[in-house]
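Asks: Everything below, folded, please.
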Amino acid sequence: MSFFNTGKYATVRLNIEPHCRRMEVPAGTWIKCKECGRTLYADQLEQNLNVCPHCGNHLAMTANKRIELITDPDSFEEMDAGMHSTDPLEFVDSQPYPKRLSSSEKKTGMNEAVVCGKAALNGRKYMLGVMDFRFMGASMGSVVGEKITRMLERAADEKCPAVIVSASGGARMQEGILSLMQMAKTCAAVERLHAARQSFIVIMTHPTYGGVTASFASLGDVIFAEPKAMIGFAGPRVIQETTNSKLPEGFQTAEFLLEKGMIDRVIERKNLRRELSLCLEYLS
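Replies: Numbers count the residues shown, from 1 in each chain. So this is what the prediction gives:
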């Protein structure tokens, strides 16, 4: 600091060193809730099971986090972990299909959009499949359909219940008719599970759409859903434009479908573990 006396006025000059650097915040430290617009601290959000503490909005969870939520510690044994999608149609849109697969693998650390395996909850054994929307919108291609089919068939063989946590944008267009065939294949696997007199539980999360909703996800003996999860075949905008009519308030939300009898319960994430355990106990 320098002081200058110019007679009537005194002038003070502050010499501020340019060493004050801008604080860098690591990416992913803060997350904005799309429902209420609040900025949330990522670590605190994770401790709250990715549910906004202000408005109760259920944000997306990774497959691994969902597995931790509804299984006993160290009880999950993954099956068919090495399966990878191929490119039988040599499909190219804005970029080649193999490039999209590679990008999703790097982003998620997963080989495909679903993780399947053996699990236990409070000591009760069951088969579990969890879809992860981060991998190409959890679209159902040949590998997703095959892994789910194998999981359901193994549940039938080993005489235990099966649980699927669904989240999907629908069929995987890059595989064309091969993707659509998975709808029939997974439905047949559910029928084999029912023939073995084993229960099938579906937990629908946001969003569950397209061929997944139109196949195995709607065939559960019990169908749960998370609050405000969007569930349907085509999106509301497409339906409204096609029918040229105004849709009811809350159309395709979990609460709307519960009112119409298409699902059995809407369960908050914090209660899901307990509710699933009770359901497995009752159905066994």
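Asks: ok, the closest residue to residue 139 other than its chain neighbours - how many residues close by?
Replies: Nearest residue to residue 139 in three dimensions, chain neighbours excluded: residue 172, at 3.8 Å (CB to CB, 6 or more residues apart in numbering). C-beta here means a position set from N, CA and C on the backbone, and glycine is covered the same way. Close neighbours of residue 172, defined as other CB atoms under 10 Å, add up to 29.
Asks: got the domain boundaries for this protein?
Replies: 19-59, 61-283 (automatic domain parsing).
Asks: What residues sit buried inside the biggest helix by length in the chain?
Replies: Longest helix in the chain, counting residues (DSSP state H): helix 176-195. Buried residues in helix 176-195, counted by 16 or more other CB atoms under 10 Å: 178, 179, 180, 182, 183, 185, 186, 187, 189, 190, 193.
Asks: Identify the residues contacting it?
Replies: Outside of helix 176-195, the residues within contact range by CB atoms under 8 Å, 6 or more residues apart in numbering are 88-89, 91, 139-142, 144-146, 148-149, 152-153, 155-156, 162, 171-173, 200, 211, 214-216, 219, 221.
Asks: Repeat the analysis, applying 6 Å as the threshold.
Replies: For helix 176-195, contacts defined as CB atoms under 6 Å, 6 or more residues apart in numbering pick out 89, 140-142, 145, 148-149, 152-153, 155-156, 162, 171-172, 200, 211, 215-216, 219.
Asks: measure the residue nearest to residue 139 to residue 212 for me?
Replies: 11 Å (CB to CB, to the nearest Å).
Asks: same deal with residue 99?
Replies: To residue 212, residue 99 is 24 Å away according to CB to CB.
Asks: Would you mark the buried spots in stretch 97-113?
Replies: 97, 100, 101, 104, 108, 110, 111, 112, 113.
Asks: ok so, going back, so for the longest helix of the chain, mean pLDDT?
Replies: Here helix 176-195 scores 97 as its mean pLDDT.
Asks: Pull the distance from it to the chain's centre.
Replies: With CA atoms, centre = their mean, to the nearest Å as the basis, helix 176-195 stands 21 Å off its chain's centre.
Asks: Which other helices and strands does the helix or strand following that helix contact?
Replies: Next helix or strand after helix 176-195 toward the C-terminus (DSSP states H and E): strand 200-208. With contacts defined as 3 or more CB pairs under 6 Å, 6 or more residues apart in numbering; DSSP states H and E, the secondary structure elements packing on strand 200-208 are strand 162-168, strand 222-225.
Asks: For strand 200-208, buried residues please.
Replies: Applying 16+ other CB under 10 Å to strand 200-208 flags 200, 201, 202, 203, 204, 205, 206, 207, 208 as buried.
Asks: got the contact list for the helix or strand just after that strand?
Replies: Remark: after strand 200-208, the chain's next helix or strand is helix 210-213, criterion DSSP H and E. If you take CB under 6 Å, 6+ apart as the criterion, helix 210-213 is touched by 140, 166, 168, 170, 171, 183, 233.
Asks: Kindly state the pLDDT recorded for the fourth one?
Replies: In the prediction, the pLDDT value recorded for residue 170 is 94.
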